[in-house]
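dropping the sequence and predicted coords here.
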Amino acid sequence: MVNMYKPTPWPRLLLAGMLISLIAPACYKDKFSDIDVPYHGTLAVPVGQVGFSLSELLEVDSLFSVDAQDGIGVIYREDEFFTLSAAELLNDFTDDVQGNFEKEFAIGTLEVDDFGENFEIVFGELVNDFEDPMAQNFLQQNDSELQIVPAFSTSVQTEIVVPTFSDFTYMQIENGKLELSVHNSLFVDLEDFSASLIDNTSGQTVGVLDFAYIAKNSTETRELNLQGKTVGNNLSVVLHEINSPGSGGLPVLIDLDALLNYEIKVKDIKVSAGQVMLEPGTIGQDKLQYEIDMENGERIYGLRLSAANVHYTVNSDVQAPLKMKLTFPNVFKNGQAISREITIGPGNANTGTLDFSNTIWKLDQDNAQPFNRFDVDYEISVPGPGSTQVQFSKDDKVSLVFSLQDVEMEEASGFFGFREELLEENTIDLGFDLDIFGSESSPIYFDNPVMRVEVVNSFGVPLHANFNVDALGKNGGSVALNPPKVVIKYPEMGEMGQVKKTVFVVDKSNSNIVNLLAAYPEMLVFNGAAIINPENNSQEVNFVTADSKLSASLEFDLPFKFRVENLVYRDTGEALDLNLEDGLTVNDIEKADLKILYKNGLPLTTSARIIALGADGSETVVVENATIEPATMDANGKVNPDGIAKGEIFVSLNSEQISQLDNATKNIYEVRFQTLGNGQTPVNMYTDYQIDLNVGLSLTFDKQP
């Protein structure tokens, strides 16, 4: 005898209401061992005893729960079926923050320190160049004599060589001035005194300086604007005229060894080009501004980076080694603004890496745009000591490329933008084995199913979740849950580090959960989207830290109250093998009756079919619709002991039916279930519900000697 009851995971909850692994064929060889031929009589053959209670099913399936009234339900829980880690959101920002920042700028004009030279000329040398012979003769003949010196006015065209400047060869001067001071050490005053400054390299006159009056033993200074002029280092001063009112009728000591002292000062010079000596010190400084292009319109106010490297490449047109000091005034490490120094050129590109690990970036310090921006102050200097002159132009370029890479972000704050993020599709296998149900089964409608979703969130970001669940049914169908939108709680800026919990309930009042579960779901597919900053309020300050996390847990609560019109349970057992001996054949069976004694504590209308499975896969119905009476329920919808249905069923089998069962490769046992009211009345299931079946086969043989 073979007992065909086979427990299965999910259907146990229905199987409990479903019943039976029904009728099983048995081996009959031993039953006929004492039969003599010819034989005329009746033989009762026990087939099997089948039965189970729902409490037995609960012992092997942890999905079940039992309430205080012994009512059965199913609790299914999936922890963290969806998670969003800080790394996922921070990685989005990391991709935007990482990248190249390029700037090219000209060095600009070169500020040259004030410099000057002193020189002199002996008065006798000027006298030698006098074009007035009377004045010349008078002074030369009375040298070292006390005489009254008459007034004189004469052209001289005397060139006074200025000492060569060693700090430059030539300069194109954008701004600046030259001062020429003349100290009169002569024995008479000078008037209407003029001098030209000549660039001997080009032969051009740099400028003319006129002195109206220079009293003896006094100094007069005149200024020449050098803006736009090109000046070489080989200069001379040419005197065109020398005039004097004489000694005013008083005798004076005529001294041709007396001097005219000169001093040239070049002041406030800004050079636009030239060949100059770059003295040690700063030659240029300014502020560079960089902007981070965020893909989704995020406005990032601050970042904390646990790791970051700035790879740089610097090219310079300046034909001298330089140093560039880079200061990031709003990037801090250990409370101090980051400052780094880079060596530049000349000639080849300079590359390197700056370590920006464990830094805080403030990107909100520009009043014009207090987000996504950071400044870099640069200062270019000439390292000392200077030794050679170099060609220089204000248009000489320095190009600077930053590549912010290898970023590991610990924290971000700002407005993270209004956007929709697709949730990663996730599938849940409920572990329900539904193979025992036939494809022609009608849907099972649970009366009050509930799905609870619990979200724990430590992201400081307003979130709405539009999610959906699609049930992939056993028979190939798909049903969508269509739940409501969910508003997820989140910590405010002052609650950083706290966790907020959101619990929302999906039931038949706000979703399609009844139809979803009616599809015999073997798999649930979760998908949807999260709306970040749904109000699109750019003044909202969001934050995320390395420890931030959002996770959702799912719980199904299915009180085992359902309705079904036609639930088909199929199972396969061994075929009937009479294996008659002593000359008996199936044709010797005059009459065969299948008898089912039942004790049914399940409030389900049940009918059974027995199908012979041929070797070619064909199915032949042998027993059709053997109806088992359902148990009756009391006013509270529960089956009491006096409501258990008891009875017996007789099914007559002819020789053809016996042959079909005997020749089958397998027998299929198909049981159909229906709740009361033609499947429209939901019923509860309780742990003490059970069913017992005793099945036998009565055979009457007619065999004549």
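Arrived safely, thanks for sending. What you see is a predicted model; the values in this text were computed from it and never measured.

can you map out the strands along the stretch 201-350 of the chain?
Under the criterion DSSP state E, counting those that start in this stretch, strands of the stretch 201-350 of the chain are mapped to 204-214, 218-225, 230-232, 235-244, 251-253, 259-277, 281-291, 299-316, 322-333, 336-344, 350-355.

quick one: residues in contact with the second one.
By Cβ atoms under 8 Å, 6 or more residues apart in numbering, the surrounding residues in contact with strand 218-225 are 177-184, 197, 206-207, 209-211, 213-214. Just so you know, the C-beta spots here come from the backbone N, C-alpha and C atoms, and that holds for glycine as well.

repeat for the last one
The list of residues contacting strand 350-355 from outside it, by Cβ under 8 Å, 6+ apart, reads 308, 309, 310, 311, 312, 313, 314, 315, 340, 342, 343, 344.

tell me the first helix or strand C-terminal of it.
Sequence-wise, the next helix or strand downstream of strand 350-355 (DSSP states H and E) is strand 359-362.

for the helix or strand following that following strand, buried residues please.
Remark: after strand 359-362, the chain's next helix or strand is strand 373-382, criterion DSSP H and E. Across strand 373-382, burial judged by 16 or more other Cβ atoms under 10 Å covers 373, 374, 376, 378, 379, 380, 381, 382.

show me what contacts the residue nearest the centre of the chain?
Nearest residue to the geometric centre of the chain (Cα atoms, centre = their mean): residue 92, 1.6 Å. With contacts defined as Cβ under 8 Å, 6+ apart, residue 92 is in contact with residue 296.

that one falls within a strand, correct?
No - applying DSSP: H, G, I helix; E, B strand; the rest coil, one finds residue 92 to be helix, outside a strand.

how near is it to residue 426?
Per Cβ to Cβ, to the nearest Å, residue 92 is found 19 Å from residue 426.

likewise residue 696?
From residue 696 across to residue 426, the span is 52 Å (Cβ to Cβ).

just residue 384 next, same as before
Distance of residue 384 to residue 426, given as Cβ to Cβ: 66 Å.

the more surrounded of those two?
A side-by-side neighbour count of residue 384 and residue 426, using other Cβ atoms under 10 Å, places residue 426 first with 17 against 9.

residue contacts, the more buried one?
Residue 426 is in contact with 81, 82, 525, 526, 527, counting by Cβ under 8 Å, 6+ apart.

now the residues you listed in a markdown table, with pLDDT and distance to residue 539?
Converted to a markdown table, those look like this (pLDDT from 0 to 100; distance: Cβ to Cβ, whole Å):
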| residue | pLDDT | distance to residue 539 |
| --- | --- | --- |
| 81 | 75 | 34 |
| 82 | 76 | 30 |
| 525 | 87 | 38 |
| 526 | 84 | 33 |
| 527 | 82 | 32 |
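
what would these look like in JSON lines with secondary structure?
Formatted as JSON lines, the contacts of residue 426 follow (three-state DSSP):
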{"residue": "81", "secondary structure": "strand"}
{"residue": "82", "secondary structure": "strand"}
{"residue": "525", "secondary structure": "strand"}
{"residue": "526", "secondary structure": "strand"}
{"residue": "527", "secondary structure": "strand"}
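
drop the exposed ones from the residues you listed and show what's left.
Neighbour-count burial (16+ other Cβ under 10 Å) applied to the contacts of residue 426 gives 81, 82, 525, 526, 527.

which residue packs closest to the second one, ignoring adjacent ones?
In space, residue 82 comes closest to residue 552 once its chain neighbours are excluded; the distance is 4.4 Å by Cβ to Cβ, 6 or more residues apart in numbering.
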